[in-house]
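[1] I'd like to go over a predicted model; first the sequence, then the structure.
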Amino acid sequence: MNTRPRVWRRLGRIALWTGGLAPFIFVGGVARPAQDDVVRVGPIAARPGSVVSGMIEVPAATDPGTQIPVTIARGERPGPVLALVAGNHGYEYAPILALQRVRAQLDPKALRGTLILVHVANMPSFLGRTIYYSPVDRKNLNRVYPGRRDGTLSERIAYAITTEVIEKCDMLVDLHCGDGNESLRPYVYMPVTGDPRMDAAVREMALAFGIEYIVVDRDRPRDPAASIYCATTAITRGKPAITVESGYLGTTDSESIERIVRGVFSLMRHLKMLEGAPERVAHPVFLDPTQVVTSPATGILSPKVERGQYVAAGTVLATITDFFGRTIAEVRAPLSGIVLYIVATPPITQGEPVAFIGAVASSR
């Protein structure tokens with residue numbers, strides 16, 4: 001599938017909108033109104049000047065179905081379509097609560113364009129209080145995009161979000177925090193594709209969100225049919241996207257929640273969806289390279305470092321004992337850098353993440 005023409009159209013459309021009000025956009029050389037009468041996401045329909053919420057139904061198949069709660073906020077004036085997705089991992093509560101606050105603060109009269117809020121992408125995991133994996137099919141929703149119409153429940157959820165949200169937006173933010181086992185400091189993933197216009201748009205989104213630490217993410221898939229991640233699904237379809245991490249250990253602390261809320265409104269100002277200047281990061285810290293460190297054994301984990309700590313290569317990040325207390329493994333830092341997250345609860349399985357380390361780039 002050749003996505004390059006679509007990339008250029010999308011990025012040109014964003015550039016046109018952020019340059020000021022435009023009554024028409026050009027797609028394939030044809031002018032059409034910049035603000036359709038009705039925006040539809042599943043059964044939810046919103047006209048300009050309205051905020052409408054409802055459920056996307058994911059039907060049952062060989063396993064149960066579920067629902068995805070979504071809000072569409074339409075401004076009275078034309079502008080881009082920004083999608084915000086929370087709850088791809090259901091135990092990550094800070095983004096879910098943040099989108100409730102965003103919805104409560106929206107004023108369609110002050111808004112240009114359209115905001116699509118996916119409040120809880122992974123309802124089975126949210127209600128089941130499970131980290132990483134769905135309690136229904138044991139799959140990680142943020143590893144099965146773009147999904148399958150006839151797949152297991154996680155794949156059907158990903159398919160619904162891909163077709164009803166990602167394919168209808170112009171840019172996307174996938175909102176995360178430290179899952180129930182991860183002690184995490186805030187950071188943003190900034191994908192690098194090699195396309196100068198896409199990379200410039202993504203970089204500006206990352207800076208506008210206002211979080212200082214930015215992971216330079218070079219290794220995401222390029223195939224739109226096997227995009228794996230939510231944000232990558234947007235990028236492989238020509239839509240700039242970032243992934244935000246704010247919060248830790250599945251907690252609901254106000255600081256982590258408000259950081260997301262501020263970032264959303266700052267990004268909307270950057271995109272000219274709202275009046276005012278964004279709270280752009282003045283002194284970003286780019287992290288490149290980065291590495292997820294996985295566990296060599298199954299057992300009981302004891303972390304030896306804290307989130308946000310600087311560690312030298314070779315530092316012991318954690319030890320693992322068997323279930324009788326005998327040490328069976330040490331996990332060491334593969335490079336010098338910042339501990340972006342460390343697993344801070346005792347259960348650990350071989351091959352699962354223990355820590356994420358980012359080296360501070362000399363320049364960017």
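    Structure's in. What do you need? Numbers count the residues shown, from 1 in each chain.
[2] which SSE is the residue minimising distance to the centre of the chain in?
    Note on the chain: the residue nearest the mean C-alpha position is D174, at 1.7 Å, using CA atoms, centre = their mean. Element membership for D174 (DSSP states H and E) is strand 171-176.
[3] Direction included, what does the next helix or strand after that strand pair up with?
    Stepping forward along the backbone from strand 171-176, the first helix or strand reached (DSSP H and E) is strand 182-184. Neighbouring strands of strand 182-184 in its sheet, by DSSP bridges, are strand 337-343 (antiparallel).
[4] got the contact list for V339?
    When the contact criterion is CB atoms under 8 Å, 6 or more residues apart in numbering, the partners of V339 are R185, V305, E306, R307, G308, Q309, Y310, V311, L317, A355, F356, I357. Quick note: C-beta positions are derived from backbone N, CA and C, even for glycine.
[5] Validate this expectation: the last one resides in a helix.
    I take that to be I357. No - remark: I357 does not belong to a helix; assigned using DSSP: H, G, I helix; E, B strand; the rest coil, it is strand.
[6] just checking, it touches T294?
    No - with contact defined as CB atoms under 8 Å, I357 does not count as touching T294 (11.9 Å).
[7] Those two - which one has more neighbours?
    Using other CB atoms under 10 Å, the more surrounded residue of I357 and T294 is I357, with 26 against 14.
[8] Apart from its chain neighbours, what residue comes closest to that one?
    Distance criterion CB to CB, 6 or more residues apart in numbering; nearest residue to I357, sequence neighbours excluded, is G337 at 4.7 Å.
[9] So in terms of bridging, what pairs with the one you found?
    In this structure, G337 has the following beta-bridge partners (DSSP bridges): V311.
[10] so what's it up against?
    For G337, the set of contacting residues under the criterion of CB under 8 Å, 6+ apart consists of L287, T290, Y310, V311, I357, G358, A359, V360.
[11] out of those residues, which are buried?
    Neighbour-count burial within the contacts of G337 applies to L287, T290, V311, I357, G358, A359; the criterion is 16 or more other CB atoms under 10 Å.
[12] Could you dump those into JSON lines and include pLDDT and distance to Y229?
    Shown next, in JSON lines, are those (pLDDT from 0 to 100; distance: CB to CB, whole Å):
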{"residue": "L287", "pLDDT": "98", "distance to Y229": "18"}
{"residue": "T290", "pLDDT": "97", "distance to Y229": "15"}
{"residue": "V311", "pLDDT": "98", "distance to Y229": "26"}
{"residue": "I357", "pLDDT": "98", "distance to Y229": "20"}
{"residue": "G358", "pLDDT": "98", "distance to Y229": "18"}
{"residue": "A359", "pLDDT": "98", "distance to Y229": "22"}
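[13] If we only consider those residues, which is nearest to M190?
    When those are compared for distance to M190, the smallest value, 9.4 Å, is given by L287; criterion: CB to CB.
[14] For the closest one, what is the enclosing helix or strand?
    Taking DSSP H and E as the definition, one finds L287 inside strand 285-294.
[15] wait, what's in contact with L249?
    Contact criterion CB under 8 Å, 6+ apart gives G178, G180, N181, E182, S183, L184, A344, T345 as the residues in contact with L249.
[16] just how off-centre is stretch 90-104 within its chain?
    The chain centre lies 13 Å from the centre of stretch 90-104; the measure is CA atoms, centre = their mean, to the nearest Å.
[17] Could you report the neighbour count for P347?
    With neighbours defined by other CB under 10 Å, the count for P347 comes to 12.
[18] surely it meets I320?
    No - under the contact definition of CB under 8 Å, P347 does not touch I320, with a separation of 10.6 Å.
[19] joint contacts of these two?
    I300, L301.
[20] what's the longest helix in the chain?
    When the chain is parsed with DSSP state H, its longest helix is helix 254-270.
[21] Output the contacting helices and strands for that one.
    Identification of packing neighbours for helix 254-270 by 3 or more CB pairs under 8 Å, 6 or more residues apart in numbering; DSSP states H and E yields strand 77-86, helix 93-105, strand 171-176, helix 196-209.
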